[in-house]
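Chemist: Sharing a sequence plus its predicted fold:
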Amino acid sequence: ALCLLFWLGRRGAAPTLLGLKPAAERALWIAALAVLAGSFALLTARNLRKTSLGFDRFDDLLRRAHACEKKKEWKQAEAIFRRLVKDRPVSRFAEEAQFGLGMSKVEQGQWEAALAEFGRHAERFPDIPRAAAARYQMGLCGENLGRREIAAKARQALLENYPDNGWTRLARLRWDSRGE
């Protein structure tokens with residue numbers, strides 16, 4: 001509508017609406033359109049950041065999941081973690097959530113489930129620094145399950161893939177002190 005008024009005013013087919021000279025009124029309409037376009041761009045950028053990209057929303061979900069963990073509300077934390085893994089499968093959110101799923105299972109003493117979650121983490125995110133922690137946790141889960149072959153395999157993967165990592169040093173101290 002504003003563009004139509006501008007075009008009509010430019011052609012002299014309509015009187016000026018504000019009682020100004022046509023050139024001055026055109027300049028005012030152009031300024032109004034620029035403000036309107038800028039406002040639209042700003043609102044669109046805010047909505048993109050909060051909805052389609054989802055960073056604000058996913059950060060909030062991670063905070064909620066960790067808050068649930070602190071309160072030992074495991075089912076709620078795991079539900080949020082699973083949602084993050086599903087909604088953002090290749091992201092820092094999914095990586096942290098997958099690790100969180102494993103730690104949640106460890107905290108509950110569900111060693112077999114924890115082993116599976118850490119295995120998924122190590123498989124999906126092998127180049128992330130926390131992958132070494134996942135391998136270490138896999139070794140601990142194997143030990144707690146009495147499955148020495150799993151613990152040995154996790155230890156070997158840790159030593160081969162992450163030789164200078166802090167988790168590898170911790171593992172060496174733990175296993176060397178036990179003569180393994």
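Modeler: Good, I have the coordinates. Numbering: from 1, shown residues only.

Chemist: lowest-pLDDT helix or strand in this structure?
Modeler: Ranked by mean pLDDT, DSSP states H and E, the weakest helix or strand in the chain is helix 2-11, scoring a mean of 55.

Chemist: With residue 118 as the reference, measure out to residue 165.
Modeler: 15 Å (C-beta to C-beta, to the nearest Å). (C-beta placed from N, C-alpha, C; glycine too.)

Chemist: what's near enough to touch residue 83?
Modeler: Under the criterion of C-beta atoms under 8 Å, 6 or more residues apart in numbering, the neighbours of residue 83 are residue 61.

Chemist: Let's see the pLDDT reported for it.
Modeler: For residue 83, the pLDDT comes out at 93.

Chemist: Also residue 89?
Modeler: 89.

Chemist: ditto for residue 114
Modeler: Reported pLDDT for residue 114: 97.

Chemist: who touches it in this structure?
Modeler: When contacts are counted by C-beta under 8 Å, 6+ apart, residue 114 is found next to 102-103, 105-106, 137, 141.

Chemist: Name the nearest residue to it, sequence neighbours excluded.
Modeler: residue 105 (3.5 Å; C-beta to C-beta, 6 or more residues apart in numbering).
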